[in-house]
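**Student:** no sequence for this one, just the structure:
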Ligand code: FEO
């Protein structure tokens, strides 16, 4: 059974994951408006992935006898000055989420809740991948600079992304 401190902290994280989903949907809408459909599709996959993260925590809270209490999701920004600025915001956001996950792990250990600690390790690894993905795209956008042909090629590449939920044993 989850104790109240962890139940509250996991509920806060569920909100953070759904905010992430909403943020990436705002970025997808921004890219649609900016004529970069591949980047918009990449962000839609990211939106689905964050929704999956939120639902994974939602399921865990119930599975441990806790109560999920959903809160308002804050409005995300709607405009960015460039594709590079969007992906820099992604990286900054993911770094913030990594900090939140690390704080949750610290709390689980402090409360001696080993099941929650084990559950959270999946998110610890996931954050490494999330930060690496954003960093890799930032690197490419920096190389591209103002070369619109290369931006078009990157947009095509990013448009190949499809979100596939991990198999149940890893999820
Ligand atoms: Fe759910 Fe992007 O971390």
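**Tutor:** In hand now; what should we look at? Everything numeric here is computed off the predicted structure, so don't read it as measured data.

**Student:** next, the distance between the ends of stretch 63-81.
**Tutor:** Its first and final residues considered, stretch 63-81 spans 43 Å by C-alpha to C-alpha, to the nearest Å.

**Student:** show me the contact partners of that stretch.
**Tutor:** For stretch 63-81, contacts defined as C-beta atoms under 8 Å, 6 or more residues apart in numbering pick out 1-2, 6-7, 10-11, 14-15, 18-19, 22-23, 25-27, 29-30, 58, 61-62, 86, 89, 115-116. For the C-beta atoms, the positions are set from N, CA and C on the backbone; glycine is no exception.

**Student:** near the ligand at all, the helix or strand hosting residue 136?
**Tutor:** Per DSSP states H and E, residue 136 falls inside helix 114-144. Yes: with C-beta under 6 Å from any ligand atom as the measure, helix 114-144 is seen reaching the ligand through residue 130.

**Student:** now that helix: buried residues?
**Tutor:** For helix 114-144, a neighbour-count test (16 or more other C-beta atoms under 10 Å) marks 116-117, 119-120, 122-123, 126-127, 130-131, 133-134, 137-138, 140-141, 144 as buried.

**Student:** same question for stretch 75-83.
**Tutor:** Within stretch 75-83, the residues scored as buried using 16+ other C-beta under 10 Å are 76, 80, 83.

**Student:** how about the contacts made by residue 131?
**Tutor:** So residue 131 contacts 91, 94-95, 98 (C-beta under 8 Å, 6+ apart).
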